[in-house]
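[1] give me a model of this one.
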Amino acid sequence: MKNSWNLKPIPYPILILVWTYTGLEKLIRFEDSRNAFLNQPFPQELAESLAYLVPLTELLLVFLLVLPRLRWWGYLGSTILLNAFTTYIGLIWVGAFPRVPCNCAGILESLDWEIHFWVNWVLIFFAAIGLRFEDINRANPNTKI
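    The predicted structure follows:
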């Protein structure tokens with residue numbers, strides 16, 4: 001049965017836009033981003049590694065989402081990374097850390113923690129929907145959703 005709503009194209013362009021923006025912003029403003037990572041409440045060695053790994057992972061997710069054969073992995077990676085970010089934001093929001101550093105990119109820095117938390121949940125929803133569409137398409141290659 002063909003999907004008359006044609007929702008499939010919606011999740012990955014939104015995620016591509018988000019990951020491209022945040023990944024490039026962190027690389028363009030690398031010293032600011034690195035300093036923000038170093039200001040996080042975890043060991044400096046981990047922060048140093050994350051300063052490189054996070055933007056590169058965000059851009060890797062763009063690559064995976066752009067290629068139809070790898071899109072499932074892009075959705076899965078997006079779901080995992082967004083859940084990690086959302087957990088961290090939730091911990092900050094409830095006051096689990098003595099300070100509230102942010103290493104978000106651009107416009108996300110201007111959001112308060114509650115809004116940021118809910119924006120991330122919307123993005124997780126898009127990633128999960130995309131993952132589900134990809135699962136359906138893999139299970140039934142003749143039925144495209």
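[2] only C-alpha atoms from now on, for both contacts and neighbour counts.
    OK.
[3] residue 99 is in what secondary structure piece?
    For residue 99, there is no enclosing helix or strand under DSSP states H and E.
[4] quick one: contacts for it?
    Contact analysis of residue 99 by CA atoms under 8 Å, 6 or more residues apart in numbering lists residue 41.
[5] could you pull up the mean pLDDT of the helix or strand hosting residue 35?
    Using DSSP H and E, residue 35 falls within helix 30-38. Taken as a whole, helix 30-38 has an average pLDDT of 90.
[6] packing partners for it?
    Judged by 3 or more CA pairs under 8 Å, 6 or more residues apart in numbering; DSSP states H and E, the packing partners of helix 30-38 are helix 11-28, helix 44-66.
[7] show me what counts as buried in it.
    Buried positions in helix 30-38, judged by neighbour count with 16 or more other CA atoms under 10 Å: 33, 34, 36, 37, 38.
[8] what about the strand or helix carrying residue 83, distance to the chain center?
    According to DSSP H and E, residue 83 maps onto helix 71-93. Centroid separation for helix 71-93 versus its chain: 6 Å, with CA atoms, centre = their mean, to the nearest Å.
[9] now do stretch 69-87
    The chain centre lies 6 Å from the centre of stretch 69-87; the measure is CA atoms, centre = their mean.
[10] list the contacts of it.
    Under CA under 8 Å, 6+ apart, the answer for stretch 69-87 is 12, 15, 61-65, 117, 120-121, 123-124, 127-128, 130-131, 134-135.
[11] quick revisit: would you list the buried residues of helix 30-38 in CSV and tack on distance to residue 86?
    Listed next are these as CSV, based on distance: CA to CA, whole Å:
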residue, distance to residue 86
33, 18
34, 20
36, 17
37, 16
38, 19
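[12] show me which of these is closest to residue 51.
    Checking the buried residues of helix 30-38 against residue 51 with CA to CA, the nearest one is residue 34 at 5.0 Å.
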